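1. any chance you could fold what I've pasted below:
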Amino acid sequence: MPAPSSFTLPLRTLLALTAVVLLAHLALLQGTPMTLGLDQPQPNLAFNTRTIEATPIARPPAQPPVTPAAQTTRPHPTPARQERSEPGETPHGPDAGAQPVATVPEPLPAAAPALIPPSTPATEVAKLDPVPRDPALPVMAYTVPDSMRFKYKVETNKFPFSLHAELLWKQDGKTYDARLEISAFGQSRAQTSRGDIGPQGLLPIRFSDKFRSEVAAHFNREQGKVTFSANTPDAPLLPGAQDRLSVLIQLGTMIAGAPTHFPTATTIAIQTIGPRDADTWIFTVEGEDKIALPGGELSTVKLIRNPRKEFDQKVELWLAPNLGYLPARLRITESNGDFIDQKLLTFEPQA
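-> So this is what the prediction gives:
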């Protein structure tokens, strides 16, 4: 069988066909618009806005001003649970970690000083709030103690050795300066309070707490608030407010000015400012108590601040009438049972 012959085109014919195809493509492309839709008309888009009127929020009426340190018929406090204290903050001394000194309270809107007769039902203490003073009641007198330096022996269950503390109290009749420092092994923690002296006793201006670094609270009476260097929120400043150091002395000025106004079981509520917050401290007068101190036996008036919240501290305070009602002893007990006990060792009048 003869082999099949292959079909081939002459080169000239092939080139001619290629040229025809290219011409056809060029003609087709020229007849097609090259817009890709870019010049197609766009729809008109409307930007609509809507106005919403907010309903005005009714503000509560302003509360009447509170007059400080007045005798009122307010309830008697019940021992409650303890308040949580901030780590490293104490009413009188070193850090709970390095220097075993207890801390004290946290923030709440607080009440101005008020006396609560013991005849009032104890369950009413939870309803305690700032109230205007009854104008029919006499204004309480205040007696500010003379300048004094107290040295204390400090005991705690956290360490087998004693610490040392010093309270330096100075006043010139118009202003005061108080400093309480606890030290051990070259380490110390100091709280200071300075301010004015007025008809209502002590009027703090600045309170500071220093251990390595310092935090402070500033009393702005013109604006009615307390500001904190720790950048925590401002707190409202109520009449009669004290700081955590001045409150220990202010209680003495109140009792010294009118001892008969403070029988056993009388309760005193004071807005107390710390370096980061404000709270209401409630003290109950437990009456006369003769105690043995490193410096000797001394007659005192004992007050106690019982816990009101879960992590509150119990604060026991002994004021010495023969020493201007300054603190002869201060004992603080934590919710877990840890305590620190500050007892008067020596005292020295200051010029």
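2. what's the first helix or strand after the host helix or strand of Q250?
-> Element membership for Q250 (DSSP states H and E) is helix 246-257. As assigned by DSSP H and E, the chain's next helix or strand after helix 246-257 is strand 267-273.
3. only C-alpha atoms, please: export that following strand in PDB.
-> Extracted as PDB, the C-alpha positions of strand 267-273 are listed here (Å, rounded to 0.1, in the frame of the first residue of the first chain):
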ATOM      1  CA  THR A 267     -21.100  57.300 119.100                       C
ATOM      2  CA  ILE A 268     -19.200  59.800 116.900                       C
ATOM      3  CA  ALA A 269     -19.200  59.700 113.100                       C
ATOM      4  CA  ILE A 270     -16.500  61.700 111.200                       C
ATOM      5  CA  GLN A 271     -15.700  61.800 107.500                       C
ATOM      6  CA  THR A 272     -12.100  60.600 107.400                       C
ATOM      7  CA  ILE A 273      -9.800  61.200 104.400                       C
END
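4. that strand to helix 246-257, inter-axis angle?
-> 150 degrees (axes from the mean of the first three to the mean of the last three Cα atoms, to 10 degrees).
5. state the mean pLDDT of the helix holding Q250.
-> Helix 246-257 shows a mean pLDDT of 96.
6. ok, residues contacting it?
-> With Cβ atoms under 8 Å, 6 or more residues apart in numbering as the test, helix 246-257 has contacts from 69, 91, 113, 140-145, 169, 176, 178, 193, 195, 201-202, 204, 207, 242, 262, 268, 270, 272, 281, 283, 285, 301, 303, 317, 319, 321, 324-327, 330. All C-beta atoms are positioned from the backbone trio N, CA, C, and that covers glycine.
7. could you give me the average pLDDT of the host helix or strand of D279?
-> Element membership for D279 (DSSP H and E) is strand 278-293. The predicted model assigns strand 278-293 a mean pLDDT of 95.
8. now it - C-alpha only, PDB.
-> Included here for strand 278-293 are C-alpha records, laid out as PDB according to Å, rounded to 0.1, in the frame of the first residue of the first chain:
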ATOM      1  CA  ALA A 278     -12.600  59.100 101.900                       C
ATOM      2  CA  ASP A 279     -14.800  57.100 104.300                       C
ATOM      3  CA  THR A 280     -17.000  57.500 107.400                       C
ATOM      4  CA  TRP A 281     -15.300  56.400 110.600                       C
ATOM      5  CA  ILE A 282     -17.600  55.600 113.500                       C
ATOM      6  CA  PHE A 283     -16.200  55.600 117.000                       C
ATOM      7  CA  THR A 284     -18.000  54.500 120.200                       C
ATOM      8  CA  VAL A 285     -17.000  55.800 123.600                       C
ATOM      9  CA  GLU A 286     -16.300  52.900 125.900                       C
ATOM     10  CA  GLY A 287     -15.600  55.100 128.900                       C
ATOM     11  CA  GLU A 288     -12.800  55.500 131.400                       C
ATOM     12  CA  ASP A 289     -10.000  52.900 131.400                       C
ATOM     13  CA  LYS A 290      -6.900  52.900 133.500                       C
ATOM     14  CA  ILE A 291      -4.100  51.100 131.600                       C
ATOM     15  CA  ALA A 292      -0.500  50.000 132.200                       C
ATOM     16  CA  LEU A 293       1.900  51.400 129.700                       C
END
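9. next, the buried residues of the following helix or strand past it.
-> Once strand 278-293 ends, the next helix or strand along the chain (criterion: DSSP H and E) is strand 296-305. For strand 296-305, the neighbour count (16 or more other Cβ atoms under 10 Å) marks 298, 300-305 as buried.
10. farthest pair in these?
-> L298 and R305 (20.8 Å; Cβ to Cβ).
11. list phi and psi for N322.
-> With angles defined as degrees, to the nearest 10, N322 sits at phi -70, psi -10.
12. for L298, see how far away it is.
-> Distance, N322 to L298, by Cβ to Cβ, to the nearest Å: 7 Å.
13. over to D277?
-> 33 Å.
14. quick one: pLDDT of the residue nearest to F161 when sequence neighbours are not counted?
-> Spatial nearest neighbour of F161, excluding adjacent residues (Cβ to Cβ, 6 or more residues apart in numbering): A184 at 7.7 Å. A184 carries a pLDDT score of 82 in this model.
15. what bridges to A184?
-> Q187 (DSSP bridges).
16. what's around it, how many residues?
-> 20 (other Cβ atoms under 10 Å).
17. is it true that it touches L163?
-> Yes: if you go by Cβ atoms under 8 Å, A184 and L163 touch, sitting 4.6 Å apart.
18. helix or strand right after whichever strand or helix holds K151?
-> Here K151 sits within strand 148-156, counting by DSSP H and E. For strand 148-156, the following helix or strand on the C-terminal side (DSSP H and E) is strand 163-171.
19. can you tell me what sits against that following strand?
-> 92-94, 99-101, 144-156, 176-184, 197, 249, 326-327, 342, 350.
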